[in-house]
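Trainee: just to be clear, the model below is a prediction. Sequence and coordinates:
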Amino acid sequence: YPDVHVIGDQYLCAELGLNKITDEIKENKIDRVVIAACSFKLHGFLFRKTIEKAGINRFLISFANIREQNSWVHDNEPEKATIKAIDQINMAIEQVKLLGPLEVQHAKVNPAALVIGGGISGIKASLVIADSGYKVYLVERDLTIGGHMALFDKTFPTLDCSICILGPLMLEIKDHPNIELLTYSDIKSVEGYVGNFDVKVTKKPRFVNEETCVGCFNLCRDVCPIDVEDTFFPRKAIDVVYPQAIPLYPNILEEFCIGCKACAQACDREAIDFEQQAETVEFNMGTIITATGFKTFDP
């Protein structure tokens, strides 16, 4: 590379080393820079600021990580490590040739947040953000928040009652003015970029009007003639997941319901709605947290 000017310094990220880079750029009319040293994550922004002060666009720089990705992991094979370092530097040179100048642009950021998953992680994340004064959309695909922890008897290592710890947090979610809870919902699409996401969420029908239902699920459940062998709790075709569920609205399992409408006749709030359809709602937020939990497996 006859058109490449090379300098070396043991402490390139120190003040003397940075000044040396600036002087070399100005004296040799350098228009692009390759840093063969440590990871970009460590001092990348420092080197960008340095070349910008010397008159080069801050994005006309490439990094060859010959420390963490080479010398530190191949210290017992110095000859092969040297060959690898040469290849890394050559690749960085070829890359920087292709780079064009970029300008930093500022965009408005929506401070609202979307949290996907209503388990203990999603609950805690939602409360921390909401308590800081920001709007939170908490989306859970099941009928209630709580996740796996709500189904455990005790928690490790203190063996405390799971629902005793989780229950108050679930109630905080329900009553928090900055949290909008969407259970029995799925993410349909996500578009946009960091700071400005447009998200579509599909709310599956419970066949119960949440605005009129007051959670007195015994009335509708007791008259239902259909018993369902649920995966965790035995239930009726119309029932709640468990008594501590949040939100405490029953739902009708469409595949088991025989359409007798006994529940609708028993509900004095007229909250049963057999015509309810899936609904798509749209939100705009600046950040997304994925807390979708885990699946147990047999190793």
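Mentor: Here it is on my side, so go on.

Trainee: the closest residue to residue 200 other than its chain neighbours and residue 281, how far apart?
Mentor: Spatially, and ignoring its direct neighbours in sequence, residue 200 is nearest to residue 188 (4.1 Å; CB to CB, 6 or more residues apart in numbering). (Glycine included, C-beta is placed from N, CA and C.) Separation of residue 188 from residue 281 (CB to CB, to the nearest Å) stands at 9 Å.

Trainee: same question, residue 35
Mentor: Applying CB to CB to residue 35 and residue 281 gives a distance of 47 Å.

Trainee: out of those two, which sits in the busier spot?
Mentor: Using other CB atoms under 10 Å as the criterion, residue 35 and residue 281 rank with residue 35 on top: 25 against 15.

Trainee: which residues does the more buried one contact?
Mentor: Neighbouring residues of residue 35 by CB atoms under 8 Å, 6 or more residues apart in numbering: 12, 47, 61-64.

Trainee: can you tell me the SS state at it?
Mentor: strand (DSSP: H, G, I helix; E, B strand; the rest coil).

Trainee: which strand residues bridge it?
Mentor: Listed by DSSP bridges, the beta-bridge partners for residue 35 are residue 63.

Trainee: doesn't residue 282 fall inside a strand?
Mentor: Yes: secondary structure of residue 282 (three-state DSSP): part of a strand.

Trainee: that one: how many residues sit nearby?
Mentor: Residue 282: 10 neighbours (other CB under 10 Å).

Trainee: okay, and the beta partners of it?
Mentor: For residue 282, the beta-bridge partners are residue 200 (DSSP bridges).

Trainee: is it true that it touches residue 202?
Mentor: No: checked against CB atoms under 8 Å, the pair residue 282 and residue 202 is beyond contact range at 10.7 Å.

Trainee: sorry, back to before: the residue nearest to residue 200 should be in a helix, yeah?
Mentor: No: under three-state DSSP, residue 188 sits outside any helix and is assigned strand.

Trainee: contacting residues for it?
Mentor: Per CB under 8 Å, 6+ apart, neighbours of residue 188: 200-202, 280.

Trainee: using CSV, lay out those residues together with distance to residue 179, pLDDT and neighbour count.
Mentor: Shown next, in CSV, are the contacts of residue 188 (distance: CB to CB, whole Å; pLDDT from 0 to 100; neighbours: other CB atoms under 10 Å):
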residue, distance to residue 179, pLDDT, neighbour count
200, 19, 98, 14
201, 15, 98, 20
202, 20, 98, 17
280, 21, 98, 11
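
Trainee: could you give the mean pLDDT of stretch 40-48?
Mentor: Over the span of stretch 40-48, the pLDDT mean works out to 94.

Trainee: in that stretch, what's buried?
Mentor: For stretch 40-48, the neighbour count (16 or more other CB atoms under 10 Å) marks 40, 43, 47-48 as buried.

Trainee: contacts for it next, please.
Mentor: 13, 18, 21, 33, 35, 37, 58-59, 61, 63, 65.

Trainee: which residues in the stretch 51-200 of the chain form strands?
Mentor: Applying DSSP state E, counting those that start in this stretch to the stretch 51-200 of the chain gives strands spanning 61-65, 113-116, 136-139, 154-155, 160-161, 179-182, 185-193, 196-203.

Trainee: average pLDDT across the fourth one?
Mentor: Per-region confidence: strand 154-155 scores 90 on mean pLDDT.

Trainee: which neighbouring elements make contact with it?
Mentor: The criterion is 3 or more CB pairs under 8 Å, 6 or more residues apart in numbering; DSSP states H and E, and the helices and strands that strand 154-155 contacts are strand 160-161, helix 162-175.

Trainee: most packed of these?
Mentor: Neighbour counts (mean count of other CB atoms under 10 Å) averaged over each of the helices and strands packed on strand 154-155 peak at helix 162-175, with a mean of 16.

Trainee: how far does that helix sit from the chain's center?
Mentor: Chain-centre distance of helix 162-175: 22 Å, with CA atoms, centre = their mean, to the nearest Å.

Trainee: so which of the contacts of stretch 40-48 is the most crowded?
Mentor: residue 35 (25 neighbours).
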